[in-house]
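Student: starting from these lines, generate the structure:
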Amino acid sequence: MGRVAKSRFIGFAALPCSVILGRSAAQRSVDPRTQPALSLLAVSRYDFIAVYILASGRNGTLYIGVTSELPVRIRQHKLEVIEGFTQRYGCKRLVWFERHASMAEAIRRERVLKHWLRKWKLALIEAENPEWRDLSDGWSVEHAM
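Tutor: Residues are numbered from 1 along each chain as shown. This next block holds a predicted model:
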């Protein structure tokens, strides 16, 4: 059996997994600490693995992230459920995202984008979203949680 890597996200330890993953009440009854393989196996069941960029405004502060459930994660950012960079700098506008078939592939892409120059990131956003509109506008609450 392969090794399970620890989460690299700071601040998640203080939140119940149901908040992080947006799980149902029935799913919350399972203690994730007693299910060590769950974190890697569950990812394959999600249907919206993506790398995304949030912005505080046009040409504002940028945040690059990766998630296995984009609608849920964006809602968490907008509601400021998790303390950290996006809450501190007001990055709530989804300006770019890219879907991936696997979490490993998405994580690789996220790491590449995080090392890009700012002007390259801006060009990436401008190419697909020149108005910098929030791409999550219109996503229903049911879709996000």
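Student: just the pLDDT at Glu142, thanks.
Tutor: On pLDDT, Glu142 comes in at 51.
Student: Glu98: how many residues sit nearby?
Tutor: Applying other CB atoms under 10 Å, we find 16 residues neighbouring Glu98. C-betas here are computed from N, CA, C, even on glycine.
Student: the residue lying closest to it once chain neighbours are set aside: how many residues sit nearby?
Tutor: In this structure, Glu98 finds its nearest non-sequential neighbour in Val51, 5.1 Å apart by CB to CB, 6 or more residues apart in numbering. Using other CB under 10 Å, Val51 has 24 other residues around it.
Student: cool, and Lys78?
Tutor: Lys78 has 17 neighbours, counted by other CB under 10 Å.
Student: then Arg75?
Tutor: Applying other CB under 10 Å, I find that Arg75 has 18 neighbouring residues.
Student: that one: which element?
Tutor: Assigned by DSSP states H and E, Arg75 belongs to helix 70-79.
Student: quick one: average pLDDT of that helix?
Tutor: On average, helix 70-79 scores 92.
Student: buried sites along the helix or strand just after it?
Tutor: Per DSSP H and E, the first helix or strand lying C-terminal to helix 70-79 is helix 85-89. With burial defined by 16 or more other CB atoms under 10 Å, the residues of helix 85-89 counted as buried are Thr86.
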